Structures are given as C-alpha cells and as structure tokens.
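> Sequence and predicted model, in that order:
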Amino acid sequence: MEKVELPVHEHPLFIFDRICMDTCKGCSVFGYFYGGYVCNEVGCDTLFHKECVESVPEIKHPSHPQHPLKLNLKCGRFCCSLCISGLQVGYHCSICDFNVHLVCARRPPSSTSSSSSSSPLPTSVDNSKVHQHPLLLSKNVETFLLKEGRNCNMCNTNIKINEKQLCECRLCNILFHLDCVGLIPNVYQTSHPKHPLKFLQYGAPEYAHEKCLLCKKKFKKLSNNYDRVYHCDVCNVTICKDYCMAKPPPVSVVSPTTHEHQLHLVPRLVNFTCNACGTAGDRSPYFCLQCNFMIHRACIDLPRVININRHNHRISYTSLLGHGNWTCGVCRKKVDGFYGAYSCSKCPSYAVHARCATRKDVWYKVELEGTPEEEEIAPFEVVDENLIKHFIHGHNLRLNKDGNHESKFCEACASKINNDPFYGCEQCDFILHETCASLPRKIRHVSNNKPLILSTDTYLKDSPRQRRHCSACFQNFSGFRYETQSRNLFGSATLDVRCSSIYEPFLHESHPHPLYFSLEGDTKCSACDITYSARDMLCCDECEFRLDFRCATLPRKVMNQRYDDHPLYLSYGENKEDGQLWCEVCETKVDPKEWLYTCNLCGIILHISCVVGDFSYHVPGHISSNKIANGVVVPNTSICRPHCSRCSSRCKLPYILQINDFYFCSNKCCGNTRNPRGRNYY
C-alpha cells in the first residue's frame, strides 16, 4: 500500500483498491467505494473517496460568490448552508459564516446558469423529462407548503421543513428536491449498455426480481414505502438508485492481491463459487477468462496480513490452502483448501475463512503488510530471582509463597490472596498475585475487534480505587482493567481481569463441551436462568448450553468466615441429597438443581447471590466516582449486621457500601436512595 500525506486527515493515508460499502469521512456519504484512501492507524477506521481527499484548499462557489471558500478540516461539526446537513469536513467562509460540505461544493451548476465560477445559483430549472413547466428554485419555500406534510413529486419522500434546496411549480402547486430534478428518467449504465434504464419512483414491477442485480439489495415494496429503482423492462434488469446507479461498479479491475490478471464484471444472474473466499454467489461476479476465475465484488483486494481477535499471531491471505482437514478458527466450520483463506505461519494447523477473518466484529480494518511485528513488552523487569519491578508500581515487589493471607487483597483482580503465591511491596501495601503480575500489557479478546491495553489507576498508599464497569459481565469492579483506546462499531470496551482471561475454546467445569463466544439475543443463561435481550454469551456448538460472562467467571472457591471456617466451593447443580435444602444466609429453600456454594466438610449450602454481590469485586477501601461521594466498600464482618439504608433489611453479603453513616447492600439500593439534600448517591 502506497502511503501519502494529505491535509484532509491527521494520519498518513494509503491508496487502496478494495470494493466495499462504507461511509466517507470527507463527505459523509454512505455507499460503495471502488478504490480510495484508507487510514491504517489503529482505532481510526477512516475511509475517503478519492475526490474528497484530493479536494483543493480553496474554491469559488456559485452559491457564495462574494468571497472564496477555504477547506475546513478541524472545525468539528457544522451545518451546511445549502442542504442543512451536519458534517465534519467542508468549505468555510470565515467572513460570512457560510459553510458548504464537499458534496454540495462539487455539485455542478445548472445548464441554465452562467459559465462563470462566480455566478449565483440559477433562479429556475427546466427539465421537461421531469415536469412540463419550468421549476422555480426556492431557497425558502413558503411555510404553508411544508406544514401540509408535502412529498417530493419525483421520489415521493417527505420534504423536511428545514430543507433549502427545493424546486417548486407554482402552476401545479407541487415540490421537488433539487437532486430529484437532476435525475434522468432514461439513462444508459455501464453494467447494462444494451438498453436505457427507466427511473421508477414507486419501486420495481411485480414481475421483476426483488433484489438489485449488482449489490443484492432487497427492494421495499410496501404500499406507502417504495425503493426508487432503475429498471429495464426488456431484459428484466433492476438496479438500485442510491448505491449502484449513483456509483456504478467498474467494468474491469486489476487487483494483484487476489488475482494476477484483469477481472471483468459479468452483470447478470449466475450461480458461482468465489475462488477468493469459497462461498457461493448468485449474481454479477468478476471473471477472468484466462483462468476461469470468479470472485465476489466484495472479495476483490482482500487484505494480505491482518490481526484478528480470535488468534494471538498475524494471519496471512493465501489463494490456496491445499490438502488438509482445515477448520475455521472463527465459525468452526470446514475450510475448503482449494479456495482462498487465511492461515498462520506460526501455527500450521490454523486457518480461517476469508469472509470470517474480515468480519467487522473480528478484524479492526488495519492492514499489516509491510509493517514489522510489535515486540511484546513484558509487564515487569526481573531484578533477581525473587524480586521484580512492575510497570505500574514504583517500588520493587518481592515474591512470597508461604502462609495464609486471607486479609490481603490483590490489586489486580480484587480477590483475596489466601494461599496463592504473590508479589508484595516492602514499602507499602501493594500486592499482586503471581499470575496477575504476569498479565500481558496488550491482548486481543473475542468480545471486541480491537486490541485491548492493560490500564490501571495510579496506586499509592491510602489512595482511592476507581470504580469501573466491565463490558462483558456488567459487574462493577476496582483493580486492573483492559481497555480499547478508542470507540468503534462496538463502542469502547472495558474488561476486568477475570473476563479478559476467557479465550476460545473456553472449558468450564460445569459443562463437558467447549464453549465459544457469541453475541446472543433473547437467550437464557443455563446457570442463572436469566434471559437477556442482547449480551455476550459463551455457547456450546453441540447442545443448547449457554453461559453469560458473570456466571462463567464466578470464583471457584470463596471464604465466608461468618458462616463457615472452611472454603466454600462452587457446585453446579449436582446435589443429590434427599429432603429440603436451606441456605445458611437467607434461611430460604434452595433448589438442588441450581448453582450453589457448598462446604465439602460441613455440608452447609449458600445461594450464589448470598455469597457474591455487587461489591464483591472491589478492593476494600475508598472508591471514587462522579456518582458516589466518599463511598467506601467495607467488609460486613461485624457481630451485628447493619441495616440497608434503602431496603431496611440486614445486609447479608460479605461486602457492602458505606457512604457517610449510610449502608447499602447493592447497586439497586444505592441507586434509589437520596441523601437528606435530595441528591442521588449513585
């Protein structure tokens, strides 16, 4: 990829030949890209049309002949003075506060206007193919016309009150969008040069195919909602107006990434198997006559080298995997070795379908060909055999493998040290599990398509611990976290240490089969029996077992000395005892089929909800947030359990929240409580 420095973007841009559907950062128009410029920086996800990138620094526009307009790149969102759309890049007059976005700036003046670049917009438009009378160009159509909920007489869509670029026929009392007046009712298109295509504002005829010949978009045929199309009634060819007619695909392309010869468009309904991705197609492939090679439009110029969130190494595109029993690392289905796919040079058995590897939830649109691999940075420096210096802490940490430390908490995972080996600071109270000290500084996780960076708060003695919210399990926590560096299609992600440790395939003691990540909708967790409308889940390919991240990361062993001096172990509903079972904490009946905490020595039983609460993943101490004032997570170990200031029940969980003289047993109680001054605590 050729790198260029251009003023429209803060990062270097690369010329690319890929055919894709996206939104241009320059003009904000959504549609097909047939080449253009792309930003290859992590977290940017920016595409530009070629003409938008090559916009000149200054223009004279007929809509504002008084002053020249200068290209405005970093003005934030502004409103175009012509079409009232808010955009980020455009031309601006600092004297008059006049703005015009790139699409309006490129729109050619009407044939009725003067050829001078400084001439004003025409006052009338004459297009006899659209309407029999001359149309008056009106920047401000009379309000009474718009109050009636008028539609454009050409496209039959509603005209907004704040639209300025309209045409009206005062003889017929009808309105047109200016763009619709410029439509040509009968036009030849490169994909169908044999006959002219007719513009149909009320959708395709009943006998026509229900999808666009080129992009496979399905047309709306509702009585009050039609897609505007172009149609040839001789050949029964229908093409969508907004995408394929507005920006028709090239008749021929050259893409050395996927094929060495020139490829030619075959604009017709034909069943084929794409040589680049191995999946079936039913229309308009690109074809190489020399090789009998066929390819989807979207598969042209597939990226060569990429990182995906399902594998720790880079993977590379190959046009032929060859013989072998290949299974896709994303969808777990068979990969045909005689078609294009992605493979890993370090893991000979790893392969991914081309379509799976380039999915938006798997790949973050950064191409790595020609980019050297990043060296993994260790989270600590080894001082000697038992001494390290962690990147997050200013003092040396010493390894300790002896003793029981139930009163100490790991600053990373916020759980008790117990008998696990740990690194401790001899100058302050900073402690890390040995495993937590080795957490990598950068990971890829199945829940987000971008890399996540290990982030922490600055921990000093007696300093507050910042409260966070995990994007996977939806639990509040304090401690180390993994975060994306910017927002994307899936938003910004924050994972706690427990959820970030889940990789595919995930093996859980409660189920005999491996589990895989899926964003499920209206799915019930098999452990807690709660139905979620949309949530990250771990699913079994062989049966209907589903596990949410909260249940998947429940601690296997806990200590609750209020009720038992022995460790309590998580039980997965395999209790076979006869008779009724009772929870030791809430003294209510227990369903033996539910997940529970039990003592193997004493036989006591506790509900999950009576052991793990909303504040169980906080290091005891101060937590700060813009919603919590002077909040402190404290152990609930006193002889007399305090009453919750909201629900008035005895706080039963091991950890509760104290705000001044008030106690709260859960986030729900804290969120519905007001202090004497009437302000929400949470």
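On my side now, so go ahead. Numbers count the residues shown, from 1 in each chain.

> Compute the distance from the centre of stretch 351-358 to the centre of its chain.
18 Å (Cα atoms, centre = their mean, to the nearest Å).

> From one end of it to the other, what's the distance?
13 Å (Cα to Cα, to the nearest Å).

> Extract the CA atoms of the host helix or strand of residue 670 and return them as CSV.
Assigned by DSSP states H and E, residue 670 falls within helix 667-671. The C-alpha trace of helix 667-671 is given here as CSV (Å, rounded to 0.1, in the frame of the first residue of the first chain):
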residue,chain,number,x,y,z
ASN,A,667,-26.2,-1.1,43.5
LYS,A,668,-30.0,-1.1,43.2
CYS,A,669,-30.4,0.1,46.7
CYS,A,670,-27.7,2.7,46.4
GLY,A,671,-29.2,3.9,43.1
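
> can you pull the buried residues of it?
Under the neighbour-count criterion of 16 or more other Cβ atoms under 10 Å, helix 667-671 has 669-670 buried. The way it works is simple: take the backbone N, C-alpha and C, and place the C-beta from them, glycine included.

> try stretch 31-47
31-40, 43-47.

> Kindly report the same for stretch 215-235.
Buried, per 16+ other Cβ under 10 Å, within stretch 215-235: 215, 217, 219, 226-232.

> what does stretch 335-352 give?
For stretch 335-352, by 16+ other Cβ under 10 Å, it's 335, 337, 339-344, 350-352.

> ok, now how distant is the nearest residue to residue 261 once chain neighbours are set aside from residue 266?
Computed as Cβ to Cβ, 6 or more residues apart in numbering, the closest residue to residue 261 that is not its neighbour in sequence is residue 288, at 4.9 Å. Per Cβ to Cβ, to the nearest Å, residue 288 is found 11 Å from residue 266.

> Among the buried residues of stretch 31-47, which ones are in strands?
31-39, 47 (DSSP state E).

> Among the residues you listed, which one lies nearest to residue 318?
residue 38 (22.3 Å; Cβ to Cβ).

> residues in contact with that closest one?
13-14, 16, 18, 46-48, 365 (Cβ atoms under 8 Å, 6 or more residues apart in numbering).

> Buried among those residues? Need that as a selection in PyMOL.
Command for PyMOL, covering only those of those found buried under the criterion 16+ other Cβ under 10 Å:
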select buried, resi 13+16+18+46+47+48+365
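
> pLDDT for the contacts of residue 38 - can I get that in TSV?
Shown next, in TSV, are the contacts of residue 38 (pLDDT from 0 to 100):
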residue	pLDDT
13	85
14	85
16	80
18	76
46	81
47	85
48	86
365	84
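
> Which elements pack onto the host helix or strand of residue 656?
Residue 656 belongs to strand 655-659 when assigned by DSSP H and E. Using 3 or more Cβ pairs under 8 Å, 6 or more residues apart in numbering; DSSP states H and E as the contact test, the elements touching strand 655-659 are strand 631-635, strand 662-664.

> Kindly export the first one (C-alpha atoms) in CSV.
I take that to be strand 631-635. Taking C-alpha atoms only, strand 631-635 is exported to CSV below (Å, rounded to 0.1, in the frame of the first residue of the first chain):
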residue,chain,number,x,y,z
GLY,A,631,-18.1,5.8,49.2
VAL,A,632,-16.2,3.0,50.9
VAL,A,633,-16.5,-0.7,50.3
VAL,A,634,-16.2,-2.3,53.7
PRO,A,635,-16.3,-6.0,54.9
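
> Ranking helices and strands of this protein by mean pLDDT, which lands last?
The weakest-scoring helix or strand in the chain, judged by mean pLDDT, DSSP states H and E, is helix 143-147 (a mean of 51).

> Alright, that wraps it up for me.
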